[in-house]
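K.L.:
Quick check, what structure comes out for this input:
(chains A and B)
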Amino acid sequence: MNNKPIFKYQIISNFDWVIFGLTIIISIVGIFTIYSTGGGSGGEPSRIYIKQIYWILYGLMAMLLILFIDYHSLEKLAYILYFMIIVVLIMVAVSGKTVSGARRWLSFAQFAFQPSELAKIVIIITLARYFDDKKIRGLYKIRDLIAPAIIILIPALLIAKQPDLGTAMVIFFIFISMSFLIGINSRSLFILAGSAIVSLPFLWHFMKDYQKDRILTLINPQADPLGRGYHIIQSKIAIGSGGYMGKGFMSGTQSQLNFLPEKHTDFIFSVFAEEMGFIGALLLIMLYIILIIKGIDVVYHARDRSGSLMAGGVVSMLAFHMIFNIGMTTGMFPVVGIPLPLMSYGGSYLVTTFISIGLLLNIKMRRFVDMG
Amino acid sequence: MKIGGLELNFSEEIKVRMLVFTLFIAVSFSFLILRLWYLQVIKSDELKLQAENNRMRIVPLKAYRGKIFDRDGREIISNRPSFNLSIIPEYIKDLDKILPLIASSVKVDAEKIKRDIKNSSAPFQSVVIKKDISWDEVAFIEEHSLDLAGVFLEIEPMRNYLYGETGSHIFGYLGEITKTQLEGLKVSDYRLGDFVGQYGIEKRYESILKGKRGSKYIEVDVAGRELKVFKQVDPDFGYNLYLTIDIELQKEAERLFEGKNGAVVAIDPKDGSILAMVSKPSFNPNLFAGGVSKTYWSNIINDAYKPLQNRAIQGQYPPGSVFKIVTAAAGLEEGVITPDTTIDCHGYFKLGKKNYRCWRKGGHGRMDLRNAIIQSCDVYFYTVGFRLGIDRLSRYAFGFGLGSPTDVDLEGEKTGLIPTEEWKESVKGEPWILGETVSASIGQGFDLVTPIQMANMLAAVANGGTLYKPKIISKAETTNEKLIKESNSKIKGNLSVSQKTLDIIKDALHGVVTDQRGTGRASNIKGIEVAGKTGTAQVIKLPEMEDKKDEEMPYEFRDHAWFAAFAPYENPLIAVAVLVEHGGHGGSAAAPLAGKLIKSYVENQNSKGKNQN
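P.N.:
Numbers count the residues shown, from 1 in each chain, chains lettered A, B, ... in the order given. This is a model prediction of the structure:
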């Protein structure tokens, strides 16, 4: 790395244009969908899509920036980054900005940012570093997972306390996926799965009422159609009423007339599916699937363990977001604030998504490069 | 996987795990796609319908109720625009600034308004804060409209009874439809909150008057704000109703009745059309039009004189001496007397040990039928009734339309009562007593009639014996004057007495008014020949009051005064029955009223006739 140019030809030639292209295409689809939600009356100001364009540009810049930094350098910095993010998360808990009941925001100047989003990437890098350092012979056993579990538990609890259950869930999923990737022996896997199932009733016991409600609502939304079931019912109506072909751009009655709540953020997929129909939704999901496949390809063909692990963390994070968000809008999962990558309005998560995709590109680019 | 502790290729090691991971994601995405297929293809139609239901609202447009006119086409009941003061909560910036401004000139309950706004279902749906505000209040709101953003006036048709209390029992009133009424209707386009006829013609002819609600199909957003109108179906006007009532006569009758309780029914003898129908005390239907206030309703309900009772068809009174018309007719027809039969009146009729008194203490002396009617000699008719027996007497009473409903087109008509031996056996479980026949022959005892029966009987006497079903509706028309329904005169029967008998009675009734000794002299009018009969319906009294004069007695113990008449004698235009509750004697209390009423109507008709010629 010392006196070499930052980008070797090889590095540039290995730039994955498909991943990059998909990112741009989905982002543009997102801009149009957000534009469409602003077409209706009342509610959010209709200029919101312009903000999204700015965030995408910031995201692209962040992505570009991350390309210049060899992911091995990031790996080296992992614990420092981890320490920093914990400090920031504590700051949020102490003096963060509260928006609609949740203390998630840290604001400087006129910017407000959700550190919990960035925490996901830091956790991915930290876990990769930990697993990479720890050269265990054979497969991991339960006791080998205690340390990494603590690593994720600290930020996850801080985030869950905000409360941001969705992000905390994502962090757990990242941990499980990366642990799985590094290899757990099958006995430990069964014990993990078994204890997870056994702990469910306890978890239920410790859940807050509104969290229990969300799960009960999922099972029977009609029990309280104007209250807790409202989101799910309206979202299902929006998606279903789109039919095969959709109602057309800016013509979705559920979103245009504001029957659909959180339409530009968590329920952006419902807006898209209502206006573009089954065909459109299927195409969009295909784009996401290709992105994930390309991501898996990066995991598979990474130069080393740390690259594979990092890419695996990113892919699992992206996949979890996609699956859980769409599952939520179609009424398969409880309503937990998990945004749809590249589509949902919101700067912190968008920039985080760009950074994580940048990380994928970064790993892919350096697959043949000597560590010199 | 690990060779010599050195990992050569991590990707080789994770091959299987990656496969599992990929499979997991693939399965998840497959479920998502299946779910989308289920929602967007299989359930699509159902969910499309739900989406439509979300955004479509059908706003009802109130129908204009049909107007009501009198026999000469004068408007009696119409609709006027009423202004409801409403607010759209979402458009209100500062309620605490706006409410005091409104309250400075419009009487409103600020606390209730705040509550209503809190409870309103959607922020863009208007909340009525005061119904039917006055013109001054409208002017104030219009004037301050700039300071009252979010406050506006909603116009709504309101029933308007142009003559106020006049004819209130005929026309009735509107009221909010009750839950029971709503449930009783199998198919209807009524909704809770609709105003429907609850009394009188408004109720009886609800289906003709109500019109048909229109509707506006609008698109709304989640807040209920109207975005666009898809389709508008204008409301249909209700049919206009023309009555047989002469509103001027009605007004005159009510004016004459001021301060009194009782009833008047005036009928056109030629076809049974009701010209006027008064019941006092009355009520003001305008106070019901926008929903009756609690105070007014409880006043009406708790009023001892029962203003809601239509005495003309629901008041049952002993007919008193007016009944002598029946006794006379029966006597002549059954041959128990002839016009020349004389009976000596010594002031009482002796039956067994009991003396039945004539109203004139010293007696009338020798009486023939004509004089007996003119002077209303009780003894004469005691005798005739005694000779007839109750069943024969009552047969004629029924024949004259007494004791059974006239079937007038109004709800709640009472039948009255004409006793027979069989009736007493079955209802009272006691045998008939002869003395009761004596009482019945002068219209006391068990006999009960309604004012409309009396008027109708007089109309039949006047027209030569035809008993009509009294009618109050002449026709129904659309707003374009297209005839919808015409009400023809229906004959209920005839008096089944000979023309000769009828002539004798008519002549005697004429004498009642014109003769020097006639009891109905007070109804005599210059230029119009009136024929009629007085009556005094005895009210049960305490024994110590028996001999007192009416004026000396407490109101509720005074007798009811009757006068039933027709005019002009030769060519009758009007038959009228007047009952003054606790008015005392018919001759003094009821007859002058009837006279004035007849005068007013007949002179009016004559001048109309002249104008036409």
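
K.L.:
before we move on, what SS does B:I58 have?
P.N.:
Put simply, B:I58 is strand when judged by DSSP: H, G, I helix; E, B strand; the rest coil.

K.L.:
Contact partners for it?
P.N.:
Applying C-beta atoms under 8 Å, 6 or more residues apart in numbering or on different chains to B:I58 gives the contacts B:215-218. For glycine as for every other residue, the C-beta is placed from the backbone atoms N, C-alpha and C.

K.L.:
Excluding sequence neighbours, find me the nearest residue to the residue in the stretch 401-550 of chain B positioned nearest to chain A.
P.N.:
Residue of the stretch 401-550 of chain B nearest chain A, by C-beta to the nearest C-beta: B:T479 (38.2 Å). Leaving out its chain neighbours, the residue that sits closest to B:T479 by C-beta to C-beta, 6 or more residues apart in numbering or on different chains is B:F237, at 4.7 Å.

K.L.:
Same check on B:W562?
P.N.:
Nearest residue to B:W562, sequence neighbours excluded (C-beta to C-beta, 6+ apart): B:G535, at 3.2 Å.

K.L.:
What separation do you get for A:L291 and chain B?
P.N.:
11 Å (C-beta to the nearest C-beta, to the nearest Å).

K.L.:
neighbours around that residue, how many?
P.N.:
25 (other C-beta atoms under 10 Å in any protein chain shown).

K.L.:
That one: which element?
P.N.:
Per DSSP states H and E, A:L291 falls inside helix A:268-300.

K.L.:
give me every residue that touches the nearest residue to A:G280 once chain neighbours are set aside.
P.N.:
Nearest residue to A:G280 in three dimensions, chain neighbours excluded: A:G246, at 5.5 Å (C-beta to C-beta, 6+ apart). Residues near A:G246 by C-beta under 8 Å, 6+ apart: A:252, A:273-280.

K.L.:
out of the residues you listed, what pair is the most spread apart?
P.N.:
A:G252 and A:I279 (14.7 Å; C-beta to C-beta).

K.L.:
Neighbour count for those two, which is higher?
P.N.:
A:G252 (31 against 14).

K.L.:
quick one: that one and A:G243 touch, right?
P.N.:
No - A:G252 is not in contact with A:G243 according to C-beta atoms under 8 Å; the separation is 11.3 Å.

K.L.:
ok, longest strand in chain B?
P.N.:
strand B:75-87 (DSSP state E).

K.L.:
Which neighbouring elements make contact with whichever helix or strand comes after that strand?
P.N.:
Next helix or strand after strand B:75-87 toward the C-terminus (DSSP H and E): helix B:95-103. In terms of contacts (3 or more C-beta pairs under 8 Å, 6 or more residues apart in numbering or on different chains; DSSP states H and E), helix B:95-103 is packed against helix B:110-119.

K.L.:
average pLDDT across the helix it packs on?
P.N.:
Averaged across helix B:110-119, pLDDT comes to 80.

K.L.:
Contacts for that helix, please.
P.N.:
With contacts defined as C-beta under 8 Å, 6+ apart, helix B:110-119 is touched by B:87, B:89, B:92, B:95, B:99-100, B:103, B:127, B:129.

K.L.:
swap the cut-off to 7 Å and go again
P.N.:
B:89, B:99, B:103, B:127, B:129 (C-beta atoms under 7 Å, 6 or more residues apart in numbering or on different chains).

K.L.:
Buried ones from those, can you make that a PyMOL selection?
P.N.:
To isolate the buried members of the contacts of helix B:110-119 in PyMOL, using 16 or more other C-beta atoms under 10 Å in any protein chain shown:
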select buried, chain B and resi 89+99+127+129
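
K.L.:
Helix or strand: which one has the residue in the stretch 201-350 of chain A that chain B sits nearest to?
P.N.:
Distances between the stretch 201-350 of chain A and chain B by C-beta to the nearest C-beta are smallest at A:G240, namely 2.9 Å. Assigned by DSSP H and E, A:G240 belongs to helix A:230-242.

K.L.:
to the chain's geometric centre, what's the distance from that helix?
P.N.:
23 Å (C-alpha atoms, centre = their mean, to the nearest Å).

K.L.:
Equivalent analysis for stretch A:261-278, please.
P.N.:
The answer for stretch A:261-278 is 18 Å, by C-alpha atoms, centre = their mean.

K.L.:
any idea of the mean pLDDT for that stretch?
P.N.:
On average, stretch A:261-278 scores 92.

K.L.:
Kindly format the C-alpha coordinates of it as CSV.
P.N.:
Listed next in CSV are the C-alpha coordinates belonging to stretch A:261-278 (Å, rounded to 0.1, in the frame of the first residue of the first chain):
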residue,chain,number,x,y,z
PRO,A,261,-49.5,5.9,6.6
GLU,A,262,-45.7,6.3,6.5
LYS,A,263,-46.0,6.1,2.8
HIS,A,264,-42.6,7.7,1.8
THR,A,265,-40.6,5.8,4.5
ASP,A,266,-41.5,2.3,5.7
PHE,A,267,-44.4,1.8,3.4
ILE,A,268,-42.8,3.0,0.2
PHE,A,269,-43.0,-0.5,-1.3
SER,A,270,-46.8,-0.4,-0.9
VAL,A,271,-46.9,2.9,-2.9
PHE,A,272,-44.8,1.3,-5.6
ALA,A,273,-46.8,-1.9,-5.7
GLU,A,274,-50.1,0.0,-5.7
GLU,A,275,-49.1,2.1,-8.7
MET,A,276,-47.0,-0.4,-10.6
GLY,A,277,-48.9,-3.5,-9.9
PHE,A,278,-47.7,-7.1,-9.5
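
K.L.:
quick one on the thing from earlier: the residue nearest to A:G280 falls within a helix, correct?
P.N.:
No - A:G246 is assigned coil when assessed by three-state DSSP, not a helix.

K.L.:
returning to what we had before: residues contacting the residue lying closest to the residue of the stretch 201-350 of chain A closest to chain B once chain neighbours are set aside?
P.N.:
Nearest residue to A:G240 in three dimensions, chain neighbours excluded: B:L47, at 2.9 Å (C-beta to C-beta, 6+ apart). Contacts for B:L47 (C-beta under 7 Å, 6+ apart) come out as A:236-237, A:240-241, B:39.

K.L.:
How about the secondary structure of the residue nearest to B:W562?
P.N.:
Per three-state DSSP, B:G535 ends up strand.

K.L.:
ok so, going back, just checking, the residue nearest to B:T479 touches B:Y64?
P.N.:
Yes - between B:F237 and B:Y64 there is a contact at 4.9 Å, judged by C-beta atoms under 7 Å.

K.L.:
if we can go back for a sec, against chain B - does the helix or strand that the helix holding A:L291 is followed by have any residue that ends up touching it?
P.N.:
Sequence-wise, the next helix or strand downstream of helix A:268-300 (DSSP H and E) is helix A:305-329. Yes - using C-beta under 7 Å from any C-beta of the partner chain, a contact is recorded between helix A:305-329 and chain B, made by A:305, A:308, A:319, A:323, A:326-327.

K.L.:
Serialize the residues you listed to JSON lines and add fields for neighbour count.
P.N.:
Output for the residues of helix A:305-329 next to chain B, formatted as JSON lines (neighbours: other C-beta atoms under 10 Å in any protein chain shown):
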{"residue": "A:R305", "neighbour count": "20"}
{"residue": "A:S308", "neighbour count": "27"}
{"residue": "A:A319", "neighbour count": "25"}
{"residue": "A:I323", "neighbour count": "23"}
{"residue": "A:I326", "neighbour count": "28"}
{"residue": "A:G327", "neighbour count": "18"}
